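Undergrad: here is my input; please provide its structure:
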Amino acid sequence: MLAEYRRLVGWQGAITAIGAVIVYFAASYSAAKAVVFGGAIVLLSALFLAWRFQQGRRNKKAGAGWFLRQAYRTAFERFVWVAVMLFVGFRVLGLEPLWMLVGFLGGQAVWLAAPVWMRVEKVK
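TA: Model prediction:
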């Protein structure tokens, strides 16, 4: 896995863990479980994207059409993954929706902020 993805997954895991600990003491154990589940959805989605990226790097003979199909396929698979896992958390496991979304959005915030952090590090 590329160093950038390792760093991203590490930050997502750290933010999820810190958020879960804070929520555990501020709210409840069930709320903390929901935060962890929401963060895990984003974390596994990032790992899936890293895996797909590695597949593309290994396929040296592929043309632009193949890469475009893979990009669309990956986006669709990640969307379905998130939708299914949110459904599982809400309906099947009965987790607290607010706290699960807090964990999910916390992981997504790291995902959005990662490119900015990486550019700042390169400038130093």
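Undergrad: distance of residue 86 relative to residue 63?
TA: Look at residue 86 and residue 63: by Cβ to Cβ, to the nearest Å, they are 35 Å apart. From N, CA and C alone the C-beta is placed, and that goes for glycine too.
Undergrad: these two: which has the busier surroundings?
TA: Ranked by neighbour count (other Cβ atoms under 10 Å), residue 86 and residue 63 place residue 86 first, with 18 against 8.
Undergrad: number of nearby residues for the nearest residue in space to the more buried one that is not next to it in sequence?
TA: With Cβ to Cβ, 6 or more residues apart in numbering as the criterion, residue 86 has its nearest non-adjacent residue at 7.0 Å, and that residue is residue 41. Neighbours of residue 41 under the rule other Cβ under 10 Å: 23.
Undergrad: what's the host helix or strand of residue 15 packed up against?
TA: Assigned by DSSP states H and E, residue 15 belongs to helix 3-26. Contacts defined by 3 or more Cβ pairs under 8 Å, 6 or more residues apart in numbering; DSSP states H and E place helix 3-26 against helix 29-58, helix 97-123.
Undergrad: state the mean pLDDT of the last one.
TA: Across helix 97-123, pLDDT averages out at 82.
Undergrad: one more: the longest one?
TA: Confidence over helix 29-58 (mean pLDDT, whole number) is 89.
Undergrad: give me the angle between it and helix 97-123.
TA: Here helix 29-58 points in a direction 40 degrees away from that of helix 97-123 (axes from the mean of the first three to the mean of the last three Cα atoms, to 10 degrees).
Undergrad: go through helix 29-58 and flag the buried ones.
TA: When burial is assessed from 16 or more other Cβ atoms under 10 Å, helix 29-58 yields the following buried residues: 31-46, 49-50, 52-53.
Undergrad: centroid residue for the chain?
TA: By Cα atoms, centre = their mean, the chain has its centre lying nearest to residue 42, at 2.2 Å.
Undergrad: which ones are touching that one?
TA: 12, 16, 103, 104, 107, 108, 110, 111 (Cβ atoms under 8 Å, 6 or more residues apart in numbering).
Undergrad: noted, bye for now.
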